[in-house]
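J.: Please work out how this folds:
(2 chains)
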Amino acid sequence: MEEQNNFGGVNPGEQPEPGAQPAPSVQPAPAASPRGAALWLKIIAGLYALSLIAALAVINRADAVRKSKPKDLDLSKLTGIGQSKKDAVAVIPIYGAISQGNSSRSWERGSQQIAKRITALAGKKEVKAIVLDINSPGGTVGAVQEIYSAILKAKAETKKPFIARFGEVSASGGYYVAAACDQIIAQPGTITGSIGVIFSVGNFEGLMKKVGFRSEVIKSGKFKDIGSASREMTPEERKLLQAMIDDSYDQFVTAVSAGRKMPADQVKLLADGRIYTGRQGLEVKLVDSLGDLQDAIDKAGELGGLGKNPRVLTDSDPFENFLSLMDSKLSLFGAKSVFDSVSPAASLEYHWYGK
Amino acid sequence: MNTFVALETIINKPELLAGAERPEGLGRTGLLGYFSGTLGLFVFLRIFSAVPPGVMSFSMVLLLVLAANFFFASAIHLFMDLTGVKGSASRLFLAFGCSDYFLALLVPLAFFAKLHILNGFLWFCLCLLLIIYARVRLVRRLYPVSVNKALLSVWLPYAGFSVVFFAVCVYSLAWLIWLVI
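T.: Numbers count the residues shown, from 1 in each chain, chains lettered A, B, ... in the order given. Modelled structure (predicted):
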């Protein structure tokens, strides 16, 4: 790609070859504005240089101000990184029905994840007390007990105070979890109580007959399909399930009795499945005091030796929150949760079926 | 030859770009165009804190600009060659460098944007349109083609980039949905 310049003109020192025909004299093309463009280019280049200098000066100045900022600030007044090691009260939300997650996704709010968060936050040196912000009607027995036992273990290992705060509803399993805490703070109108166990199963036998569907069951023992929705429950099964319910109920009563330091007989009087408002709960000693989340945080601060209005460490990771949001919005566009709620599968629950 | 003189010659006699011999100083002028254009772009982005400071950061931007323009020039030349139009790819690359002088405008325009006279992105888009217009004119000088074909050839790589970017975005979104479900 050897290319010659065509602006160089004829070299003055170069002699024409002998015998060569004389080159026709090149007439210079008349320029419209001989040095106009060059002048403008020089002016533009000058302005460009000036604006560059001005811009660089502005950028340097801005960078210098940005660099000097942290030195002038009092880090103790900042939240976040600057204060990350300061003592705090951790707040863990427990919202909605409590159940074991369907997967090991870290952003899911299943009982394993909540138990893991309780253990992790209780193990942090800067966390001096933990507030459980409960707004739950309960859930399955196993899932509720998983959280309950995580609280008891964390308390035994770290001796840190746990405060339960009730929002709109904290009944049945929600109360079971709170029973493990040192203090319970509820709103006067919070729905709580519902101490009891429930086992419910749908019966689609009539419907299945109408549509001509029949379920064939081959089982190893007579109770293997206990809780089946395709047939009537037998008296023997009912007796067996009642015994199971009684045992789970006894576990609930024991947990409340131990947590609230009340005799089991006294708890049984309150534990017929009825619900209470927060104020009624205070009268029957199921609740320690009335208040809101800030009151609960203040109480936790006092018990943790931080005084009122302590720093709050929220249990939230922006990335996990985003994934959780994506998951809830995109998981069959919410169809899964609808399916779960109408599922006829039987389960043993510490659950209150109100709103 | 002085860069100013070379640039002046290209402005006054653009037909020389398609001549048998390469205009003197075109290489130097084109590369200096890339450098000063990138410097303008870099300062513009620095004023909006969109890029990190330092020589390394500027070098990365310059490398990106050179690579993108190399790709653009080669894609346009390939398109022209496939459609039976002859021309020089190296001259096209250097001529594009000359059009990048317009990016120097971004420095004063950044001040205007900071003074809330139009949005910074709009100024950038206007500058980009100016460069594309200049490039269309240059392509017409370097290859004997119509305005429409020159316009098509200049827009083609940009459109290609946009399509690839859009496809990557769609794929990423689909992947993310697949990941969470």
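
J.: Could you pull up the residues touching A:Val127?
T.: A:87-90, A:121, A:160, A:313 (Cβ atoms under 8 Å, 6 or more residues apart in numbering or on different chains). For every residue, glycine as well, the C-beta is placed using N, CA and C.

J.: Contacts only, for the residue lying closest to B:Gly120 once chain neighbours are set aside.
T.: Among residues not flanking B:Gly120 along the chain, B:Ala113 sits closest, at 3.7 Å (Cβ to Cβ, 6 or more residues apart in numbering or on different chains). Shown in contact with B:Ala113 (Cβ under 8 Å, 6+ apart): B:48, B:119-120, B:123.

J.: which intervals of the chain have sub-threshold pLDDT?
T.: In the absence of a named chain, this looks at chain A. By pLDDT under 70, the low-scoring segments of chain A are A:1-35, A:68-85, A:102-108, A:315-347, A:353-355.

J.: The chain in question should be chain B.
T.: B:1, B:179-181.

J.: go again using 80 as the cut-off
T.: B:1-5, B:12-23, B:176-181 (pLDDT under 80).

J.: Tell me the residues of it that contact chain A?
T.: For chain B, the contact set with chain A under Cβ under 8 Å from any Cβ of the partner chain comprises B:1, B:4-9, B:11-12, B:16, B:19-25, B:36, B:39-40, B:43, B:46-47, B:53, B:90, B:104, B:107-108, B:110-111, B:176-177, B:180-181.

J.: how about a cut-off of 7 Å?
T.: By the rule Cβ under 7 Å from any Cβ of the partner chain, the part of chain B lying against chain A is B:1, B:4-5, B:7-9, B:11-12, B:16, B:19, B:21-24, B:43, B:46-47, B:53, B:90, B:104, B:107-108, B:110, B:177, B:180-181.

J.: In strands, which of these appear?
T.: Using DSSP state E, no member of the residues of chain B next to chain A sits in strands.

J.: ChimeraX command for the buried members of the residues you listed?
T.: Under the burial definition 16 or more other Cβ atoms under 10 Å in any protein chain shown, those of the residues of chain B next to chain A that qualify are selected in ChimeraX by:
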select /B:4,5,7,8,9,12,16,22,23,24,43,46,47,104,107,108,110,180
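
J.: in the helix or strand harbouring A:Asp265, what counts as buried?
T.: Assessed by DSSP states H and E, A:Asp265 sits inside helix A:264-270. For helix A:264-270, burial by neighbour count (16+ other Cβ under 10 Å) applies to A:267, A:270.

J.: By neighbours, which of the contacts of A:Val127 wins?
T.: When neighbours are taken as other Cβ atoms under 10 Å in any protein chain shown, the top entry among these is A:Val89 (28 neighbours).

J.: what about whichever strand or helix holds that residue, distance to the chain center?
T.: Using DSSP H and E, A:Val89 falls within strand A:88-95. How far strand A:88-95 lies from its chain's middle: 11 Å, per Cα atoms, centre = their mean, to the nearest Å.

J.: Quick check: bridge partners of A:Glu349?
T.: When assigned by DSSP bridges, A:Glu349 has beta-bridge partners A:Thr140, A:Ile198.

J.: Spit out the contact partners of it.
T.: Neighbouring residues of A:Glu349 by Cβ atoms under 7 Å, 6 or more residues apart in numbering or on different chains: A:138-141, A:198.

J.: can you pull out the strands in the stretch 101-250 of chain A?
T.: A:127-136, A:138-140, A:162-171, A:183-186, A:191-193, A:198-200 (DSSP state E, counting those that start in this stretch).

J.: Pull out the buried positions in the last one.
T.: By neighbour count, and taking 16+ other Cβ under 10 Å as the criterion, the buried residues in strand A:198-200 are A:Ile198.

J.: got a list of contacts for that strand?
T.: With Cβ under 7 Å, 6+ apart as the test, strand A:198-200 has contacts from A:241, A:245, A:346, A:348-349, A:351.

J.: export these to JSON lines and tack on distance to A:Ala178?
T.: JSON lines is the format used below for these (distance: Cβ to Cβ, whole Å):
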{"residue": "A:Leu241", "distance to A:Ala178": "27"}
{"residue": "A:Ile245", "distance to A:Ala178": "22"}
{"residue": "A:Ala346", "distance to A:Ala178": "26"}
{"residue": "A:Leu348", "distance to A:Ala178": "20"}
{"residue": "A:Glu349", "distance to A:Ala178": "17"}
{"residue": "A:His351", "distance to A:Ala178": "15"}
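
J.: what about burial for those, which qualify?
T.: Burial by neighbour count, 16+ other Cβ under 10 Å: within these this picks out A:241, A:245, A:346, A:348-349, A:351.

J.: now could you export just the CA positions of stretch A:218-236 as CSV?
T.: In CSV, the C-alpha atoms belonging to stretch A:218-236 read as follows (Å, rounded to 0.1, in the frame of the first residue of the first chain):
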residue,chain,number,x,y,z
ILE,A,218,-52.4,-49.4,47.2
LYS,A,219,-50.9,-49.1,50.6
SER,A,220,-48.6,-50.9,53.0
GLY,A,221,-50.6,-50.1,56.1
LYS,A,222,-54.1,-49.0,56.8
PHE,A,223,-53.0,-45.5,57.9
LYS,A,224,-50.6,-44.9,55.0
ASP,A,225,-53.1,-42.6,53.2
ILE,A,226,-54.2,-40.8,56.3
GLY,A,227,-55.4,-37.3,55.4
SER,A,228,-56.3,-38.3,51.9
ALA,A,229,-58.7,-35.8,50.2
SER,A,230,-60.3,-38.5,48.0
ARG,A,231,-62.2,-40.3,50.8
GLU,A,232,-64.0,-39.8,54.1
MET,A,233,-61.8,-39.9,57.2
THR,A,234,-62.3,-43.1,59.3
PRO,A,235,-63.0,-43.0,63.1
GLU,A,236,-59.7,-44.7,63.7
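
J.: buried set for it?
T.: A:226-230.

J.: right, and out of the contacts of B:Ala113, which lies closest to chain A?
T.: B:Phe48 (10.3 Å; Cβ to the nearest Cβ).
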